[in-house]
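Visitor: compute the structure for the input listed below.
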Amino acid sequence: MKILAVGDIIGENGLKKASEILPNLKKKQNIDFIIINGENVAGGMGITQKLYKEMLLIGADVVTMGNHTWGKKDIFNFIDAPQLIRPANYPKGVPGKGYTIRKCNNKNIAVINLIGRTDMNILSENPFLVINEIIEEIKEKSDIIIVDFHAEATAEKIAMGYYLDGKVNIIYGTHTHVQTADETILEKGTAYITDIGMTGPINSVIGMDIDASIKRFTTTLPERYKLAEGKCVLNGCIFDIDEISCRIKNIERLKL
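Guide: Now for the predicted structure:
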């Protein structure tokens, strides 16, 4: 079984790039299951129901979110959609769900979304404690467990990888929009990569306009970010899993 995780889609141009690549990639690589991070798809911040449906149409089995979950008010109209999840360690009582379990090739695949706390400026519960509760709740009804850890700090992501080694099948990072070259299978069998990158404009500052970004750093003035334009790239990772043992066989980074 092959599972594809697609890095944060940046704006409608990023979604267009994904729509151009994913159908053919799915067929060529025999992809069975696709997870897309969609928290930046609507103008770089948030998601709308229209764009969510477009992601499903191009092959997404699950759409994960992050710190921009509430970036567009429209999300409250579809936050309970079965294939949409937001960080599980948001405060209790927040709308939506932090994980979903989907059937694929007679396997129950659980996908969990977490958000980091280091330098994120988001009120959230401790992800290390919350993930334990979720794993305990779902382990008997899940064949494969996957975690999208939406976090800023490399150290926090690496620590989570070791913390979950042997408890989940796959953990990958999102949010920083820069793909890391540290994909590995940890000692107890869990697949790990610090960040799978983004799907958006190549000539940009993590998807945003270069000039506007530089002005923010050189003047310290609150220059409004705007999406970059031009040629886009799709970043992601393919995880190849043995269908009998559910152990990771191979990890392949994508930059297309």
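
Visitor: please count neighbours and contacts with C-alpha atoms only from this point.
Guide: OK.

Visitor: strands along the stretch 151-256 of the chain, start to end?
Guide: 170-174, 184-185, 191-193, 198-201, 232-241, 248-255 (DSSP state E, counting those that start in this stretch).

Visitor: relative to residue 29, which of those strands is closest?
Guide: Checking the strands of the stretch 151-256 of the chain against residue 29 by C-alpha to C-alpha gives strand 232-241 as the closest, at 9.1 Å.

Visitor: can you list the strands that the closest one pairs with?
Guide: strand 2-6 (antiparallel), strand 198-201 (antiparallel), strand 248-255 (antiparallel) (DSSP bridges).

Visitor: the inter-axis angle of it versus strand 170-174?
Guide: 170 degrees (axes from the mean of the first three to the mean of the last three C-alpha atoms, to 10 degrees).

Visitor: report the beta-bridge partners for the closest residue to residue 230 other than its chain neighbours.
Guide: What sits nearest to residue 230 in space, not counting adjacent residues and going by C-alpha to C-alpha, 6 or more residues apart in numbering, is residue 201, at 6.0 Å. For residue 201, the beta-bridge partners are residue 232 (DSSP bridges).

Visitor: so what pLDDT did residue 201 get?
Guide: The per-residue pLDDT reported for residue 201 equals 96.

Visitor: quick one: it and residue 216, what's the gap?
Guide: 19 Å (C-alpha to C-alpha, to the nearest Å).

Visitor: check residue 108 too.
Guide: 46 Å.

Visitor: quick one: residues contacting residue 17.
Guide: 199-200, 232-234 (C-alpha atoms under 8 Å, 6 or more residues apart in numbering).

Visitor: run the last query once more with 7 Å
Guide: Residue 17 makes contacts with 232, 234, as judged by C-alpha atoms under 7 Å, 6 or more residues apart in numbering.

Visitor: buried stuff in the one helix or strand it maps to?
Guide: In the assignment (DSSP states H and E), residue 17 maps to helix 11-29. Using 16 or more other C-alpha atoms under 10 Å as the test for burial, helix 11-29 gives 11-19, 22, 26.

Visitor: next one: stretch 45-53
Guide: 45-49, 51-52.

Visitor: kindly report the same for stretch 103-111.
Guide: Buried residues in stretch 103-111 (16+ other C-alpha under 10 Å): 107-111.

Visitor: now swap in stretch 164-175 and tell me
Guide: 164-165, 167-175.

Visitor: which one among these gets closest to residue 57?
Guide: Scanning the buried residues of stretch 164-175 for proximity to residue 57, where the rule is C-alpha to C-alpha, the winner is residue 174, at 22.1 Å.

Visitor: so who does the closest residue to that closest one other than its chain neighbours touch?
Guide: Nearest residue to residue 174, sequence neighbours excluded (C-alpha to C-alpha, 6+ apart): residue 150, at 4.7 Å. With contact set as C-alpha under 7 Å, 6+ apart, residue 150 has these partners: 66, 114-116, 173-175.

Visitor: okay if I get those residues as TSV plus distance to residue 125 and pLDDT?
Guide: Below are the contacts of residue 150 laid out as TSV (distance: C-alpha to C-alpha, whole Å; pLDDT from 0 to 100):
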residue	distance to residue 125	pLDDT
66	14	97
114	10	98
115	9	98
116	9	97
173	18	98
174	18	98
175	18	97
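
Visitor: before we move on, back to that, for the following helix or strand past the helix holding residue 17, packing partners?
Guide: As assigned by DSSP H and E, the chain's next helix or strand after helix 11-29 is strand 33-37. Applying 3 or more C-alpha pairs under 7 Å, 6 or more residues apart in numbering; DSSP states H and E, we find strand 33-37 packed against strand 2-6, strand 62-64.
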